[in-house]
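>>> My questions concern the predicted model and sequence given below.
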Amino acid sequence: MKRRLLLFLPLVGFLLLAVFLYLRLSEDPSYRDSALVARNFPEFEASTLEDPDRRVDQSVLTGEVTLVNVWGEWCPACKQEMPQLLDLADRGVRMVGVNYRDTREKGREFLTEFGNPFELNIFDPEGDIGFDLGVYGAPETFLVDADGIIRYHHTGYISPADVSDTIMPEVEKWR
């Protein structure tokens, strides 16, 4: 009797593992909670993409609700979402870009080709700011309130539906 029970243990273990994997793999990979929501935007000091001599820090994100978009020239989804970011800028949403793991030249070329909705772009060639934000890929967008606190995190591409259904309501909630 005991031997029969021992024969079923590997099967039970396999079935439990299969159920766990099925449940985890069926989740939406574009959604994940950010540990930084309701916390201050991480401290940083960096130059801007446009002017290597201009230094900025996290204080540029205070005083007004701001969308911080992490993007790179190398990122196909960043090119796809640029019309939506331009639309948000046209709607009066203040936006700051973080040019992530890029070169100045390629970042500037990208903005010339696809448009520039950003009030300024923070240059993050080594990905230090992205690391502090917990970014694991571009694009990622953070809504920062007037006090510099992260209130919302959007992982991945911002679709046209996201603009009206999610992003604008979040912006209005924190204005």
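Now that the structure is in, tell me what you want to look at.
>>> Bridged to residue 155, which residues?
Here residue 155 sits in beta bridges with residue 140, going by DSSP bridges.
>>> Count residues in the vicinity of it, would you?
Per other Cβ atoms under 10 Å, the neighbour tally for residue 155 reads 18. Bear in mind the C-beta positions are built from the backbone N, C-alpha and C, glycine included.
>>> Sketch out the low-pLDDT regions of this structure for me.
Residues of the chain that meet the criterion pLDDT under 70 lie in 1-9, 11-35.
>>> Tell me where it has helices.
2-25, 76-90, 104-114, 128-133, 160-162, 168-174 (DSSP state H).
>>> need the contact list for the nearest residue to residue 96 once chain neighbours are set aside.
Spatial nearest neighbour of residue 96, chain neighbours left out: residue 68 (5.2 Å); criterion: Cβ to Cβ, 6 or more residues apart in numbering. By Cβ atoms under 8 Å, 6 or more residues apart in numbering, residue 68 lies in contact with 41, 61, 95, 96, 97, 98, 141, 142, 143, 144.
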